[in-house]
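Asks: A predicted structure for the sequence below; I have some questions about it.
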Amino acid sequence: MRLIAPSLRLGIFIFVAAIPLLYAGGKPEQRLIRLQAPLPLSFQELVTAATVDPLPPDVQRKLDTLLSEPFISNEATLRGAKPKRPEAGRLGPVLRIAEWNINRGENQREITLALTNAEKFEAAVRATGKVGRKKLRRIRDELHALESADVIVLDEVDDGVKRTDYRNVTRDLAQALDMNYAYGVEFIELNGIYLGAKQLDTVDLPRQKRESEVFEVNPHRYLGLEGSAILSRYPIRSATIVRLPQVHDWYHGEIKAISDLERVRRWSAERLFQERILRQVRRGGRMALVADLEVPESPTGILTFVCPHLENYSPAEGRRKQMDALLEGIRANANPVVVAGDFNTTGHDGTPVTIKRALLSYIGDYHFWARQIFYFLVPAPGLGYIFAGANYFKNLHDPTAFNVPIFAANREKQLFADTRMFRFDDGGSFSFDTSPRRSFHHKGRTLADSNQRAWKGFATTFSFARTYHGLVGKYKIDWFFVKPPRVERPNLLEPYFGRTLHDVNTALGKRISDHSPITVDLPLRAFTPR
């Protein structure tokens, strides 16, 4: 050892001593990754990412790592945390899964209460004085469903962003719940930095202003991360990030000047629906977080979670392209699989509008021209309005409704058709069970086992702030798809009682998020239904 320099000996000692912090040998649970955390960009690198294109190679490499390597923590398991395995009537013990787009975690206190402390949440509900006994019972039941979930999938989760007080929302929730977590970065939020840098370029700006005043963020705390997370009481064996095909450019597309037509559209959206639509300069793009969880009841010992967030700035064809690419990427997976996430299946294209784009969309839309020709040849007064009204009702709250091109189009339908027909290499497929006995409210039809049906379509999961008594602005866009195991053990890890927890999301007099949480139960033992 005398031949080795003191500084090198110190480095070797630190490296060897650090190994147990990342991996531990011996028992299976000790071979888990304790903590994995890629380096975020420094503030100066964020300024570069916002203003320089193409990026310098060193910043590009660091950005690529951040967008491809997930954060992972199994500290809860290594502290001794165990799954709750709640009982669900005739199903016995189940693996209960929740999915919730938490709108960045802006109402983190209320989210934490809903997930961890039913009594305090219920007390806060009672304090509003606006909830009757019947609704309070429903809220209590929904709180129990959330509290007992052993896996929680979260979309739109911040880390180091001003709007959420620079909190690491995933880590904070995981610690409050005593759960492991995996977190994948979808976007680096650069809007304020981009606008601040443009402000610095103006001649009359006082140069003595502090960075925090110019960029409107704290440069010592800002990380700008937004992504998806999986919280789990089961050990996380591995996690990866799958980048989806880009159907909207969140950097170059957003820094272009907003057209007059788009300004009008955004003005009307804010005033009619109380929804503010803002330009969002970002690096990154839509992705799926994929994690293998150790579930002893699985025939393979693993349950794979695939958690996509599909594009809203795209027509339905773009979301279908992303979903098809994702399915192709998991085709070889031989484990039971749960797909859970925000698919943005509104039937609309949220891409910013320009006059040129609006004109081209009509010129190139054969559906539009075919309808005009038909209405001209059949000059029945109001025929177009009748067709439009009937098709609107057909698709209301149901992106799986049938599709008749030109006159009764449902452009989201093909995504669900592709998913239903998809087959894994082992012959497995996603359950689209229509049996009322497996649904929450005993309503049948497509996906009744894993997603709550309603009197028309599905129980909606997303709404604008103003919906005009639910006639517009409410959509089913958050979904579960479940591939059960390929074994002769009836009902094992098959989806049951998919439900939407709308009441708990609105119980405090305002929405906790613009999305309501959803849950589904997977039985942990085989049984023969009566």
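Replies: Perfect, thanks for sending it. None of these values were measured; they are calculated from a predicted model.
Asks: in the stretch 301-450 of the chain, which segments are predicted with low confidence?
Replies: Residue ranges of the stretch 301-450 of the chain with pLDDT under 70: 351-385, 387, 406.
Asks: For the stretch 101-250 of the chain, which segments are assigned as helices?
Replies: 108-116, 118-128, 133-147, 169-177, 191-200, 211-215 (DSSP state H, counting those that start in this stretch).
Asks: Of those, give the one that comes closest to Ala288.
Replies: Minimum separation from Ala288 across those (C-beta to C-beta) falls at helix 169-177, 16.3 Å. Quick note: C-beta positions are derived from backbone N, CA and C, even for glycine.
Asks: pLDDT score assigned to Ile277?
Replies: Ile277 carries a pLDDT value of 55.
Asks: got the helices of the stretch 101-250 of the chain as a markdown table, with mean neighbour count columns?
Replies: Output for the helices of the stretch 101-250 of the chain, formatted as a markdown table (neighbours: other C-beta atoms under 10 Å):
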| stretch | mean neighbour count |
| --- | --- |
| helix 108-116 | 20 |
| helix 118-128 | 15 |
| helix 133-147 | 16 |
| helix 169-177 | 20 |
| helix 191-200 | 18 |
| helix 211-215 | 17 |
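Asks: For Phe458, find the nearest of those.
Replies: helix 133-147 (16.9 Å).
Asks: so how far is that closest one off the chain centroid?
Replies: 24 Å (C-alpha atoms, centre = their mean, to the nearest Å).
Asks: That helix to helix 108-116, inter-axis angle?
Replies: Here helix 133-147 runs at an angle of 80 degrees relative to helix 108-116 (axes from the mean of the first three to the mean of the last three C-alpha atoms, to 10 degrees).
Asks: Tell me the helices and strands packed up against helix 133-147.
Replies: Applying 3 or more C-beta pairs under 8 Å, 6 or more residues apart in numbering; DSSP states H and E, one finds that helix 133-147 contacts strand 94-104, helix 108-116, helix 118-128, helix 502-506.
Asks: Just tell me which of the ones you listed ends up closest to Phe527.
Replies: Among those, strand 94-104 sits nearest to Phe527 (C-beta to C-beta), with 11.4 Å.
Asks: could you say what helices and strands the closest one packs with?
Replies: Against strand 94-104 (3+ C-beta pairs under 8 Å, 6+ apart) you get helix 108-116, helix 133-147, strand 151-159, strand 337-342, strand 478-483, strand 518-523.
Asks: The last one pairs with which strands, parallel or anti?
Replies: Looking at strand 518-523 with DSSP bridges, its paired strands and their directions are strand 94-104 (antiparallel), strand 496-500 (antiparallel).
Asks: I'd assumed Leu115 was in contact with Ile512.
Replies: No. At 10.6 Å, Ile512 does not count as touching Leu115 under the criterion of C-beta atoms under 8 Å.
Asks: what's the burial count for Pro523?
Replies: 23 (other C-beta atoms under 10 Å).
Asks: what sits against it?
Replies: Residues near Pro523 by C-beta atoms under 8 Å, 6 or more residues apart in numbering: Ala88, Leu91, Gly92, Pro93, Val94, Asn491, Leu492, Leu493, Glu494, Tyr496.
Asks: For Leu173, see how far away it is.
Replies: For Pro523, the distance to Leu173 (C-beta to C-beta, to the nearest Å) stands at 27 Å.
Asks: try Gly473
Replies: Counting by C-beta to C-beta, the gap from Gly473 to Leu173 is 28 Å.
Asks: one step back: so which of the strands paired with strand 518-523 is nearest Leu396?
Replies: strand 496-500 (15.7 Å).
Asks: quick one: buried residues of that closest one?
Replies: For strand 496-500, burial by neighbour count (16 or more other C-beta atoms under 10 Å) applies to Tyr496, Phe497, Gly498, Arg499, Thr500.
Asks: Next: stretch 74-84.
Replies: Asn74, Glu75, Ala76, Thr77, Leu78, Ala81, Pro83.
Asks: Local confidence estimate at the spatially closest residue to the first one that is not a sequence neighbour?
Replies: It stands for Asn74. Distance criterion C-beta to C-beta, 6 or more residues apart in numbering; nearest residue to Asn74, sequence neighbours excluded, is Leu32 at 4.1 Å. On the pLDDT scale, Leu32 is placed at 93.
Asks: From Asn344, how far out is Leu32?
Replies: For Leu32, the distance to Asn344 - C-beta to C-beta - is 33 Å.
Asks: Check the burial of the closest residue to Leu154 other than its chain neighbours by counting its neighbours.
Replies: Counting by C-beta to C-beta, 6+ apart, Ala229 is the residue found nearest to Leu154 once chain neighbours are left out, at 4.4 Å. By the criterion of other C-beta under 10 Å, Ala229 has 28 neighbours.
Asks: For Ala229, name its beta-bridge partners.
Replies: Leu154, Tyr183.
Asks: Show the contacting residues for it.
Replies: Val153, Leu154, Val157, Val169, Thr170, Leu173, Tyr181, Ala182, Tyr183, Gly184, Leu289.
Asks: Please, a PyMOL command that selects the buried ones among these?
Replies: Buried residues among the contacts of Ala229 (16+ other C-beta under 10 Å), as a PyMOL selection:
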select buried, resi 153+154+157+169+170+173+181+182+183+184+289
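Asks: Now flag whichever of the contacts of Ala229 is closest to Ile386.
Replies: Using C-beta to C-beta, these come closest to Ile386 at Val153, 41.2 Å.
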